[in-house]
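Enquirer: make a model of this:
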Amino acid sequence: MAEISSGEFRKIYLLMGEESYYPDLLCQAIMDNCIEESFRDFNQSVLYGNEVKAETVIDNARRFPMMSERNLVVLKEAQLMKNLENLAIYCDNPLDSTVLVILMHGDSADKRKALYKSVVKNGAVLDSPLMKDWELPKWIEGYFNSRGLQIEPEAAMLMAESVGTNLSAIALETDKLLKNLEQGCSKVRVQDIEKNVGVSRQFSIFEVSKALCYRQGEKALKIAAHLGNGAKFKLPMAVSTLYATFNHLLRYQALMARGTAFGPAEKAEALKGVNPYFYKDYDAAARNYPIQKTMQIISLLCEYDYLGKGGDGVQSEDGELFVELVAKILGM
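Expert: Numbers count the residues shown, from 1 in each chain. Down below sits the predicted model:
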């Protein structure tokens, strides 16, 4: 992005990965900055993988620019092109005056094959993997900061749970939220997320996780039952959030068990990626679950993740399994 903003372009870009937010963002930045608007009709081609063959893309890429420094060729939905690998013929020897963008959605080029290797040699590759559930709140905080706003850690957690790992959806919800905030607002709070995104903190997987940390059995089971009855509830997603919590807890306990000095720096290393606001929750969990119990809980979470994905032919509803899981954790 820094290169593009300064007018520096690679000969080829391969933008790919399961998460489409960054590939789309980079592709749009190239299209906005590569060719002056008045010359785009002659020097910019946008093609689609389900409509063209590699030969057509190559023909466009080998065309010289008219009254412009560059020729831009953008191939969208490239994963739908049957002979995509044939583009390696051009990528092995690209023109200096052409910028070729190969944009794949939800898919990636085979890194063992010629196309990928040619782009690595003569251009740039952006490989955008899916964001992990536990990484989302921190990403949301950074994204809000880039928009000139702060967001409370609990609000970021709630938004992550509500919207999921689709970064484009998070960006869209953020745009909607910004339109509804009061003028001059600089900090987004939980109530702003509840009001504008349509989710309640009271009944969220985040609150289940927190209740488990403090061993608040009645509260944890009540929220688990409410969540499990939701039409969109999926056990593997809920388990993933709890797994992240107890995995961080295990790392925390392992460092504490060394018996050496354990100050703020050591705590930050053990709880890498966790906002310091939530450290107190892990302190409570460490008191309530000895390290052996934490290991057993992680094993239990793996078991229920397997069951939630149809393992052993289990026919129980996701909601029933979730309540059962929470009850077993509390019983340890």
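
Enquirer: tell me the bridge partners for residue 98.
Expert: Taking DSSP bridges as the rule, residue 98 bridges to residue 71.

Enquirer: likewise residue 187?
Expert: Legend: beta-bridge partners of residue 187 under DSSP bridges are residue 150.

Enquirer: neighbours of it, how many?
Expert: If you count neighbours by other C-beta atoms under 10 Å, residue 187 ends up with 12. All C-beta atoms are positioned from the backbone trio N, CA, C, and that covers glycine.

Enquirer: low pLDDT regions in the chain?
Expert: 198-202, 259-262, 314-315 (pLDDT under 70).

Enquirer: mind listing the strands for it?
Expert: 12-16, 44-48, 71-76, 98-103, 124-127, 150-151, 187-188 (DSSP state E).

Enquirer: to residue 268, which of these lies closest?
Expert: strand 150-151 (20.0 Å; C-beta to C-beta).

Enquirer: find the centremost residue of this structure, please.
Expert: Geometric centre of the chain, nearest residue: residue 131, 2.6 Å, by C-alpha atoms, centre = their mean.

Enquirer: buried residues, stretch 205-225. List them.
Expert: Residues of stretch 205-225 classed as buried: 205-213, 215-216, 219-224 (neighbour count, 16 or more other C-beta atoms under 10 Å).

Enquirer: using CSV, list the CA coordinates for that stretch.
Expert: C-alpha atoms of stretch 205-225 as CSV (Å, rounded to 0.1, in the frame of the first residue of the first chain):
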residue,chain,number,x,y,z
ILE,A,205,-20.0,-16.4,24.2
PHE,A,206,-17.7,-13.8,25.6
GLU,A,207,-19.9,-13.6,28.8
VAL,A,208,-19.9,-17.4,29.0
SER,A,209,-16.1,-17.4,28.9
LYS,A,210,-15.9,-14.7,31.5
ALA,A,211,-18.4,-16.5,33.8
LEU,A,212,-16.3,-19.7,33.5
CYS,A,213,-13.2,-17.8,34.5
TYR,A,214,-14.9,-16.7,37.7
ARG,A,215,-16.7,-20.1,38.1
GLN,A,216,-20.1,-18.4,38.1
GLY,A,217,-22.0,-21.6,37.3
GLU,A,218,-25.6,-20.4,37.3
LYS,A,219,-24.7,-17.5,35.0
ALA,A,220,-22.6,-19.5,32.6
LEU,A,221,-25.3,-22.2,32.2
LYS,A,222,-28.1,-19.6,31.8
ILE,A,223,-26.2,-17.8,29.0
ALA,A,224,-25.1,-21.1,27.4
ALA,A,225,-28.7,-22.3,27.2
